[in-house]
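**Student:** let's see this in three dimensions:
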Amino acid sequence: MSGIAYLGPPIQHRDSLCLAFRKIGVELTQVYDYLSWPGRSDSPLQSSLAARGARVQAQFFGTNDERYLEETLRILDEAHITHVLAFWGTRPLADIKALKRRRPHLKFILNVLCHPIGLTPLTVKLQHLVMGSAMKSLDGLVVSSAYMQKYFEQNVPGTAKVPTLVLPPCWSEEYARKVPVEPSDARPNVVFLGRTDWSSGQPSDNVSVSLRTLMQQGIDVHYNRSPESETSEEHACPFDGMDIDKLTNFAARFDASLIVYELGNVQRRDRFDVTVPDRLITSVAAGIPVALPAEGYSACKEYLRQYGAVIEYRSMAHLAEQLRDRTMVEGLRKTAFEKAKEYRAEKLLPRLTSFLNELR
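**Tutor:** Numbering: from 1, shown residues only. Predicted coordinates:
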């Protein structure tokens, strides 16, 4: 099929999707969401009350920047687009509403990677309202798990009326590790692929205490170097950031990829039960075991159901104990490498194209 456009920010998911479609001879047309559009007159970082108010208004009533709409519609018209795949969560909803009003014949499909992102009852409720307000403008939904689909049906108004495809998010095979890699060290270790610029994220992103605790258990912890992640711990092993195709091969040498968030001060944990985070997708693309908490993380566990190389832990001490079992770890590494081959965007693409064709 042809006539497909990507609407959203210039992120890895866009590039991966383009690579996968290119394998079947389809070149995706790419258009920015308004927040990413280079022609914006206001700064994307603007945080005044007026700017926030304007953003909320746009999410409920649609983007009103005529220059953005005219440019985007021109691109879609010239490319003879029939389907628009929008990424991710509530971010492109304002644009979808405005564009759908002007081109009602276009099919708009929202690919939900993360929803909700709020950590308090109020923010979660507001994000559900925003998402629900867009359902009448959507022709389809793509969600990352059956758990997310059920969560939407129970919490987001109007979801039941929108055709929905459950499609696990995977990177293109171009980003995946392709050959076996020897372990980096005989000492137990993990790699942490999450952010380490703690102050720039949400409170749940600051996992410095968990990382240090694991180091103190004698486990080498490899993590992205940043000023905020500096520590004198003996088992701290910082590395410099790298592109994802290099990162998957780099991560392949470690015992496991650590999935952890700081949930102690989080009022609502919906996000962590519902979302399959990029760090997990990258871990599987690297073909290594995944270590994640025994409690919660429902969508992640559904994602990993066929993977087989999973270490569930109740505490950092419990994780360290399991990592010291070198025979178990080596067995999981072999399983991960084989099972990871099934987690490729190209393998799942026929399900997406079939869904899009059904929406014609």
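**Student:** name the helix or strand for E153, please.
**Tutor:** Using DSSP states H and E, E153 falls within helix 146-155.
**Student:** helices and strands around that helix, which ones?
**Tutor:** strand 140-143, strand 164-166, helix 270-274, helix 298-303 (3 or more C-beta pairs under 8 Å, 6 or more residues apart in numbering; DSSP states H and E). Quick note: C-beta positions are derived from backbone N, CA and C, even for glycine.
**Student:** recalculate using a threshold of 7 Å.
**Tutor:** Contacts defined by 3 or more C-beta pairs under 7 Å, 6 or more residues apart in numbering; DSSP states H and E place helix 146-155 against strand 164-166, helix 270-274, helix 298-303.
**Student:** would you reformat those as a markdown table and include mean pLDDT, distance to L99 and mean neighbour count?
**Tutor:** Below are the helices and strands packed on helix 146-155 laid out as a markdown table (pLDDT from 0 to 100; distance: least, C-beta to C-beta, whole Å; neighbours: other C-beta atoms under 10 Å):
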| stretch | mean pLDDT | distance to L99 | mean neighbour count |
| --- | --- | --- | --- |
| strand 164-166 | 98 | 21 | 18 |
| helix 270-274 | 97 | 27 | 20 |
| helix 298-303 | 98 | 29 | 20 |
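**Student:** just how off-centre is the lowest-mean-pLDDT helix or strand in the chain within its chain?
**Tutor:** When the helices and strands of the chain are scored by mean pLDDT, DSSP states H and E, helix 49-61 comes last with a mean of 78. Computed by C-alpha atoms, centre = their mean, to the nearest Å, the chain-centroid distance of helix 49-61 equals 25 Å.
**Student:** just stretch 242-259 next, same as before
**Tutor:** 16 Å.
**Student:** straight-line length of it, end to end?
**Tutor:** 19 Å (C-alpha to C-alpha, to the nearest Å).
**Student:** residues contacting it, please?
**Tutor:** Residues outside stretch 242-259 that contact it (C-beta atoms under 7 Å, 6 or more residues apart in numbering) are 12, 171, 174-177, 181-184, 188-193, 222, 279-280, 282-283, 285-292, 300, 311, 323, 329.
**Student:** hmm, which of the residues you listed are the buried ones?
**Tutor:** Neighbour-count burial (16 or more other C-beta atoms under 10 Å) applied to these gives 171, 174-177, 181, 183-184, 188-193, 222, 279-280, 282-283, 285-292, 300, 311, 323, 329.
**Student:** which of the residues you listed fall within helices?
**Tutor:** Residues from the buried ones among the contacts of stretch 242-259 lying in helices, with DSSP state H as the criterion: 279-280, 282-283, 285-286, 300, 323, 329.
**Student:** show me the two of those residues that sit farthest apart.
**Tutor:** Maximum pairwise distance among those (C-beta to C-beta): 21.4 Å, between A285 and L323.
**Student:** rewinding a little: right, and the helix or strand after the least confident helix or strand of the chain?
**Tutor:** Counting by DSSP H and E, what follows helix 49-61 is helix 66-78.
**Student:** export that following helix as PDB, just CAs?
**Tutor:** What follows is helix 66-78 as a C-alpha-only set of coordinates in PDB (Å, rounded to 0.1, in the frame of the first residue of the first chain):
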ATOM      1  CA  GLU A  66      -2.900  28.600   9.900                       C
ATOM      2  CA  ARG A  67       0.600  28.600   8.600                       C
ATOM      3  CA  TYR A  68       1.300  25.200  10.200                       C
ATOM      4  CA  LEU A  69      -2.100  23.800   8.900                       C
ATOM      5  CA  GLU A  70      -1.600  25.200   5.400                       C
ATOM      6  CA  GLU A  71       1.900  23.800   5.100                       C
ATOM      7  CA  THR A  72       1.000  20.400   6.500                       C
ATOM      8  CA  LEU A  73      -2.100  20.100   4.300                       C
ATOM      9  CA  ARG A  74      -0.100  21.000   1.200                       C
ATOM     10  CA  ILE A  75       2.400  18.200   1.900                       C
ATOM     11  CA  LEU A  76      -0.400  15.700   2.600                       C
ATOM     12  CA  ASP A  77      -2.300  16.700  -0.600                       C
ATOM     13  CA  GLU A  78       0.700  16.700  -2.900                       C
END
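**Student:** that older thread, and the helix holding E153, what's buried?
**Tutor:** Under 16+ other C-beta under 10 Å, the buried positions of helix 146-155 are 147-149, 151-152, 155.
**Student:** what's the answer for stretch 69-87, then?
**Tutor:** Those would be 69, 72-73, 76, 79, 81-87, for stretch 69-87 by 16+ other C-beta under 10 Å.
**Student:** any low-confidence regions in this structure?
**Tutor:** Scanning the chain for pLDDT under 70 picks out 1, 42-50, 185.
**Student:** cutoff 50 now
**Tutor:** 44-45 (pLDDT under 50).
**Student:** per-domain residue ranges of it.
**Tutor:** 4-172+345-358, 189-342 (automatic domain parsing).
**Student:** what sits against T29?
**Tutor:** T29 neighbours (C-beta under 7 Å, 6+ apart): 5, 75, 79, 81.
**Student:** check contacts around the second one.
**Tutor:** It refers to I75. 29, 31.
**Student:** cutoff 8 Å now
**Tutor:** By C-beta atoms under 8 Å, 6 or more residues apart in numbering, the contact set of I75 is 5, 29, 31.
**Student:** could you do D95 as well?
**Tutor:** Counted by C-beta under 8 Å, 6+ apart, D95 has contacts 7, 33-34, 62-63, 68, 72, 86.
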